[in-house]
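A.B. asks: requesting a structural model of the entry that follows:
(2 chains)
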Amino acid sequence: MKRFWIALAMLAIVIIAGVAEYLYINANVGILVDLLNEADESIEQQDMYAAQDIAERLDTRFSNNARIFDIFMFHSEVTEIGKGLAALRRYSQTGEVSEFLATSARIKRELISMKNSRVPRLENIL
Amino acid sequence: MLNIILRTLLMYAIVITSVRVMGKRQVSDMQASELVITLMISEVASLPLENSERPMLSGIIPVLLLAAIEITISLLMMKSRGLRGVICGHPIVIIKDGKLIESELKRLRMTHEDVYTLLRDKDHPDPNGIEYGIVEPNGSLSILTAQDLSNNGVESRDLKDELDKLNDNDPKRGKKK
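C.D. replies: A predicted model of the protein is given here:
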């Protein structure tokens, strides 16, 4: 019977890890995508200071959470998004609007794809 | 490199713990389900060690899940003969009264040479003198001589079922159902 409880504990760890990963990535990707949308709006309205501020917040937020993202995701994926956000911050400082928007769109796509790949849908399972 | 060393040590500890929790059967004669679980664990555990870009959790979680499945199924198999039959199979009698049973050999896709090899392993170069030769669910061959039967009889219920089935199909011994 002891083994049964150990098996249950293992199952609990597996389920908790799975749910934690899903919730963590879901919540953080949601926040990051919202901030990216805000930054896009600011840059389209020529509000460079606001865009710069948001880009800084995005970069800082992602850098602070990168260690936890690394636990759940391929490290190359995390590095790639981090690089994109650093570039975004730089484009907001230099005022390169088209580069900013293109990079923002690419990061958004990567983040959404990362989030969607965690959802237990048929296409992801297969 | 340091990361790989630490990852290897961690994975070793997790796999050893999982195998220990799964029990002693895992390291000796394995049933089909145990073999599958062992192969899968060894494969999954090596993935994060081969690729340091991969998170350790992608190896740890499947190892824990496979170990938990194995423990749960083995506990359920203790309670249910039906499930045990489905997952592990039943013993199959391939030698009776010193003669090879062709239909059973066909079912197991075994040749006479395979049987003779197993017999030689058991120090019985010839099926003569063997009352029953039984292929166990783990693939090994058990041999019962007339003397074994007179001493102990056939106690195992799954084997009794197999022998009853065989006797029912034997025109000399009983009616075919």
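A.B. asks: what's in contact with the helix or strand harbouring residue A:103?
C.D. replies: Applying DSSP states H and E as the criterion places residue A:103 in helix A:97-116. Applying CB atoms under 8 Å, 6 or more residues apart in numbering or on different chains, the contact partners of helix A:97-116 are A:25-26, A:29-30, A:32-33, A:36-37, A:39-40, A:43-44, A:51, A:55, A:73, A:77, A:80-81, A:84-85, A:87-88, A:91-92, A:124. (Each C-beta comes from the backbone N, C-alpha and C, glycine too.)
A.B. asks: so which of the residues you listed reach chain B?
C.D. replies: Cross-checking the contacts of helix A:97-116 against chain B (CB under 8 Å from any CB of the partner chain) gives residue A:73 as the overlapping residues.
A.B. asks: which of the contacts of helix A:97-116 count as buried?
C.D. replies: A:25, A:29, A:32-33, A:36, A:39-40, A:43, A:51, A:55, A:73, A:77, A:81, A:84-85, A:87-88, A:91-92 (16 or more other CB atoms under 10 Å in any protein chain shown).
A.B. asks: just the ones in helices from these, please.
C.D. replies: Secondary structure from DSSP state H places A:25, A:29, A:32-33, A:36, A:39-40, A:43, A:51, A:55, A:77, A:81, A:84-85, A:87-88, A:91-92 of the buried ones among the contacts of helix A:97-116 in helices.
A.B. asks: biggest helix in chain B by residues?
C.D. replies: Secondary structure of chain B per DSSP H: the longest helix is helix B:57-79.
A.B. asks: angle of the helix or strand following that one against helix B:57-79?
C.D. replies: Proceeding N to C from helix B:57-79, the next assigned helix or strand is helix B:81-88, under DSSP H and E. Here helix B:81-88 runs at an angle of 140 degrees relative to helix B:57-79 (axes from the mean of the first three to the mean of the last three CA atoms, to 10 degrees).
A.B. asks: helix B:81-88 close to chain A?
C.D. replies: No. Shown here: helix B:81-88 not in contact with chain A (CB under 8 Å from any CB), separated by at least 15.4 Å.
A.B. asks: ramachandran angles for residue A:96?
C.D. replies: phi -90, psi 90 (degrees, to the nearest 10).
A.B. asks: ok, it to chain B distance?
C.D. replies: Distance, residue A:96 to chain B, using CB to the nearest CB, to the nearest Å: 30 Å.
A.B. asks: measure that residue to residue B:137 for me?
C.D. replies: Computed as CB to CB, to the nearest Å, the residue A:96 to residue B:137 distance reads 69 Å.
A.B. asks: who's more crowded, these two?
C.D. replies: A count of neighbours by other CB atoms under 10 Å in any protein chain shown puts residue B:137 above the other of residue A:96 and residue B:137, at 18 against 15.
A.B. asks: show me what contacts that one?
C.D. replies: Taking CB under 8 Å, 6+ apart, we find residue B:137 in contact with B:31, B:32, B:88, B:89, B:90, B:91.
A.B. asks: between those, which sits nearest chain A?
C.D. replies: Ranked by distance to chain A (CB to the nearest CB), the contacts of residue B:137 are led by residue B:31 at 16.3 Å.
A.B. asks: for the closest residue to that closest one other than its chain neighbours, list the residues it contacts.
C.D. replies: Counting by CB to CB, 6 or more residues apart in numbering or on different chains, residue B:31 lies nearest to residue B:88, which is 4.4 Å off, once chain neighbours are set aside. Contact analysis of residue B:88 by CB under 8 Å, 6+ apart lists B:31, B:32, B:33, B:77, B:137, B:138.
A.B. asks: gap between the spatially closest residue to residue B:32 that is not a sequence neighbour and residue A:1?
C.D. replies: Excluding the flanking residues, the one nearest residue B:32 by CB to CB, 6+ apart is residue B:88, at 6.1 Å. Going from residue B:88 to residue A:1 by CB to CB gives 21 Å.
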